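Trainee: Predicted model and sequence follow; I will ask about them next.
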Amino acid sequence: MKIPYMVSLCILFFAPVLYATPYEVLVVDMAEIGNREKIENFEKAAAKFNALPYKGYFAAKPYFNVLRMANGQVYFVFGFKGEVQGVHRKNYPRTVKNLGRLKNDRTPKYPNMHWVSIEEIRRLLVVP
């Protein structure tokens with residue numbers, strides 16, 4: 001009788017921890033829908049990053065993409081594959097650091113990177 005009690009106690013204790021880490025998307029940069037040059041640069045960068053041979057965390061390879069939002073903005077994101085899935089932020093601590101140092105003149109190429117919840121990205125895809 002004590003074993004089922006201990007199992008249920010463990011489930012109750014660890015259940016909030018399992019759901020506490022939300023899936024998120026890293027918004028690398030944003031542009032207005034009319035800014036063709038910047039959007040083309042996003043698409044080239046996404047293709048370049050997705051073509052890199054993967055090392056380490058294998059799921060990161062195909063996760064760069066360009067999303068056209070319903071509000072007229074275009075997002076260059078990391079954490080998108082097929083339909084928006086997202087990634088655990090804690091699994092990719094070097095992503096922001098590596099993307100931030102892509103320019104040779106020591107200024108960040110993508111200065112406004114930020115993590116956005118999957119729910120918010122899905123909402124922005126359909127609601128203006």
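Mentor: Perfect, I can see it now. Bear in mind that the values here come from a model prediction, so they are computed numbers and not experimental data.
Trainee: which element is residue 123 on?
Mentor: Assessed by DSSP states H and E, residue 123 sits inside helix 118-126.
Trainee: Can you name the residues in contact with that helix?
Mentor: Applying CB atoms under 8 Å, 6 or more residues apart in numbering, the set of residues contacting helix 118-126 from outside is 22-25, 67, 69-71, 75, 77, 80, 84-86. C-beta here means a position set from N, CA and C on the backbone, and glycine is covered the same way.
Trainee: try 10 Å
Mentor: If you take CB atoms under 10 Å, 6 or more residues apart in numbering as the criterion, helix 118-126 is touched by 22-25, 27, 67-71, 73, 75, 77, 79-80, 83-87, 116-117.
Trainee: Just the buried positions in that helix, please.
Mentor: Neighbour-count burial for helix 118-126, counted by 16 or more other CB atoms under 10 Å, picks out 118, 121, 124.
Trainee: Can you give me the pLDDT of the nearest residue to residue 118 once chain neighbours are set aside?
Mentor: Using CB to CB, 6 or more residues apart in numbering and skipping residues adjacent in sequence, the residue nearest residue 118 is residue 86, 3.9 Å away. You'll see residue 86 listed with a pLDDT of 77.
Trainee: Thought residue 27 was touching residue 86, still the case?
Mentor: No - shown here, residue 86 and residue 27 do not form a contact pair, counting by CB atoms under 10 Å, at 11.6 Å.
Trainee: Quick check: neighbours shared by the two?
Mentor: With contacts defined as CB under 10 Å, 6+ apart, the residues adjacent to both residue 86 and residue 27 are 77-79, 115-116, 121.
Trainee: Give me the subset of these that lies in helices.
Mentor: Filtering those for membership in helices, criterion DSSP state H, returns residue 121.
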